[in-house]
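Participant: Sequence and predicted structure, then a few things I'm wondering about:
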Amino acid sequence: MANSDIQILQFGTGNFLRAFLGSMVQDLKNLEKNLNICIIQSTNGSGIDRLSKQGFEYKLLVAGFKDGQQVETIQKIDCVKDGLKLPDESEKFFAFASSASVRWIVSNVTEAGMVWKSEGPIEKFAESFPARLTQWLYRRFQILPEAETVILPCELLPNNGDLLKGFVLEHAKAWNLEGAFSEWIEAKTAFFNSLVDRIVPGFPSHLDLKLKETDPFLVQAEPYALWAIQGPSSASDKLPFLESSSEVILAEDITGYALRKVRILNASHTAMTGHGLLHGIETVGEWIGDPAREQYLKTMIAEEITPTMALDPASLEKYAEEVLDRFRNHFVSHKLSDISLNSIAKLKSRLLPIIFDYQSKKGEIPCKLSECLVSMILFYIRNPGKIRDGAEVKAWFENASTNASESENLKLSVSEWLQMDWSADLDAAYSAVSKY
C-alpha cells in the first residue's frame, strides 16, 4: 500500500490498541470517514508477519453488559492496512515522514517503554520509542515542514503527552539539533495528554466460538470504552475520533478522569495480580469470584484508595461500583499473568503514589495495598522464570533468588526497583503474605 493511503501510525500491535483504537477508526469508516492505520511492532516476535498474512484484518468481540443489557457483538476491523517491524524496517518507517496524508501517531508502548534513554548519534536508529519518534519528526521537519502531526500517547502515565513532548525536546537537545526544529515542534506538532479506559482481555480462548479457528487475531473487549483527551474545544478539528460511537471526550482538564481510573481500576488490577498469582489464581474473574476477596478489594478501594483523591466522593463510589461490575463480567477471562507484564513499572506508577499519599494523610502505610505490593515482589523472587518484565529486571531477580534469604531479597528489591524505604508496616505486610 502506498504511503499516501495511510493516515495513522500506531505504535503497538498488542490487543489493547487493536481493540481500542481499531474499533474507533472502524466507526469512522462506517460513517464514510475513512482513515487507515499502519501498525508498528517494536518487540520481538512474528506477530506483524502473521497479521499481514490475513491482510491485517481481524475481528473484535465486544461482550459484557451496557446499561444493564447484555451485549455480544462481532465487529470486523479492516481499517488496518499496513504494518512494519522496528528496527528492521526503519527506512519504511521514515518514509512515512514525507507523506502529507499521515497526520496522527497513536502509541501504547506501556509505562516501561515511555522512558528516557541515552542514545547514540542521531545517524544510528534509536532504541527507545521517544528517541525514534524524535528521529521521525526530525526527518519530517527536513522534508515536509508544512505538515502538522497530532500525537496521542495512550500509556497510563500522568500527563503522557507532556511527558513525551519533553522527551522529544530533550533528545533534540542531546543530539544538538538546530533550534528551528524545537520551534517547529511547538508550532506544527500537537501532543495531547490522554486517558484510555477499556478492559481488553485479548484472545477469548475460554469462549466457545467457531471464529477462533479462523482468526488467530480475534480480540475481545468489554463494551465500556472511554478516551479522555485534554485540550481546548478548538482542538476538535484535530480529533476525528470524537465522532466514534465510543465515549471520546475532549476536555480542558482530564486529571479527574485519569486519577480515578489509574487509582481505582488499574491499581486494583495490579494489586490483585501478585496476590492472586501467589495463590495460584489465574484470572480477574476467579479472583473476585470469592466473596472474601471481593470484600477485601471493596475495603481497599473505599478505605485506602478513594481517600487519597480530592474528587467528589459520590462519583468515586459510583465509578468504583462500575469497575467492580466490569471485573465480574463473565464473558471476560482477564489473565493475571497478562496484567503482570512490566509489573515493576506498574507498581511504581499505580500503587506507590497511592501508598505515599495515604502515608502523608494518615501517617502510616495502607495495610492492604502494601500486602499486594509485597505479594507482587514475592512472586518475582519466587518465580523468576515467570517474570514478564524487561531483561534487566529479570536478570536481577534470577540472581537475587539464589544469593540471599527471601526477606533479604525482598528488602533489597523494594529499595532497588521501587526506591522505597523499608518500614515496620512493610514487615507486617510481609508477615501477612509470606505464608502463601
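Facilitator: Looks like it arrived, so ask away.
Participant: Can you pull out the low-pLDDT segments for this protein?
Facilitator: 1-2 (pLDDT under 70).
Participant: Which segments of it make up each domain?
Facilitator: Annotated domains of the chain cover 3-251, 255-433 [automatic domain parsing].
Participant: Include mean neighbour count when you put the ones you listed into TSV, please.
Facilitator: C-betas here are computed from N, CA, C, even on glycine. As requested, the domains of the chain are exported to TSV (neighbours: other C-beta atoms under 10 Å):
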stretch	mean neighbour count
domain 3-251	18
domain 255-433	18
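Participant: the helices in the stretch 301-436 of the chain, which residues?
Facilitator: For the stretch 301-436 of the chain, applying DSSP state H, counting those that start in this stretch gives helices covering 313-327, 336-339, 343-346, 352-362, 367-382, 391-403, 406-418, 424-433.
Participant: Tell me which residues are up against the first one.
Facilitator: I take that to be helix 313-327. For helix 313-327, the external contacting residues (C-beta atoms under 8 Å, 6 or more residues apart in numbering) are 64-65, 199, 222, 224, 260, 264-265, 268, 284-285, 288, 294, 297-298, 301-302, 306, 309, 332.
Participant: taking those residues one by one, which sit in strands?
Facilitator: Among the contacts of helix 313-327, the ones falling in strands (DSSP state E) are 64-65.
Participant: hey, C-alpha coordinates of stretch 238-257 in PDB?
Facilitator: Output of stretch 238-257 as PDB, limited to C-alpha atoms (Å, rounded to 0.1, in the frame of the first residue of the first chain):
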ATOM      1  CA  LYS A 238      -7.600  17.600  15.000                       C
ATOM      2  CA  LEU A 239      -9.500  14.800  16.600                       C
ATOM      3  CA  PRO A 240     -11.900  12.900  14.300                       C
ATOM      4  CA  PHE A 241     -12.100  10.200  16.900                       C
ATOM      5  CA  LEU A 242     -14.700  12.400  18.700                       C
ATOM      6  CA  GLU A 243     -17.300  11.100  16.300                       C
ATOM      7  CA  SER A 244     -16.800   7.500  17.300                       C
ATOM      8  CA  SER A 245     -19.600   5.600  19.000                       C
ATOM      9  CA  SER A 246     -17.300   5.100  22.000                       C
ATOM     10  CA  GLU A 247     -17.100   7.700  24.700                       C
ATOM     11  CA  VAL A 248     -14.400  10.000  23.400                       C
ATOM     12  CA  ILE A 249     -14.200  13.300  25.400                       C
ATOM     13  CA  LEU A 250     -12.300  16.500  24.700                       C
ATOM     14  CA  ALA A 251     -11.900  18.500  27.900                       C
ATOM     15  CA  GLU A 252      -9.800  21.300  29.300                       C
ATOM     16  CA  ASP A 253      -8.800  19.200  32.300                       C
ATOM     17  CA  ILE A 254      -8.900  15.300  32.300                       C
ATOM     18  CA  THR A 255      -6.900  14.900  35.600                       C
ATOM     19  CA  GLY A 256     -10.000  13.700  37.400                       C
ATOM     20  CA  TYR A 257     -10.800  11.000  34.800                       C
END
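Participant: For the closest residue to residue 359 other than its chain neighbours, which residues are in contact?
Facilitator: Nearest non-adjacent residue to residue 359, counting by C-beta to C-beta, 6 or more residues apart in numbering: residue 365, 5.5 Å away. Residues near residue 365 by C-beta under 8 Å, 6+ apart: 355, 358-359, 423, 425-426, 429.
Participant: Can you convert those into TSV and add a column each for distance to residue 415?
Facilitator: Output for these, formatted as TSV (distance: C-beta to C-beta, whole Å):
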residue	distance to residue 415
355	15
358	20
359	17
423	12
425	15
426	11
429	15
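Participant: could the helices of the stretch 301-436 of the chain be laid out in CSV, adding distance to residue 8?
Facilitator: As requested, the helices of the stretch 301-436 of the chain are exported to CSV (distance: least, C-beta to C-beta, whole Å):
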stretch, distance to residue 8
helix 313-327, 27
helix 336-339, 25
helix 343-346, 26
helix 352-362, 32
helix 367-382, 35
helix 391-403, 30
helix 406-418, 35
helix 424-433, 44
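Participant: how about residue 25, secondary structure?
Facilitator: At residue 25 the chain is in helix, as set by DSSP: H, G, I helix; E, B strand; the rest coil.
Participant: How about residue 40?
Facilitator: Classification of residue 40 using three-state DSSP returns strand.
Participant: just the helices in the stretch 151-300 of the chain please.
Facilitator: With DSSP H, counting those that start in this stretch as the criterion, the stretch 151-300 of the chain has helices at 160-174, 179-188, 255-260, 267-278, 284-288, 291-300.
Participant: so can I have JSON lines of these showing distance to residue 136?
Facilitator: Converted to JSON lines, those look like this (distance: least, C-beta to C-beta, whole Å):
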{"stretch": "helix 160-174", "distance to residue 136": "10"}
{"stretch": "helix 179-188", "distance to residue 136": "12"}
{"stretch": "helix 255-260", "distance to residue 136": "27"}
{"stretch": "helix 267-278", "distance to residue 136": "32"}
{"stretch": "helix 284-288", "distance to residue 136": "37"}
{"stretch": "helix 291-300", "distance to residue 136": "42"}
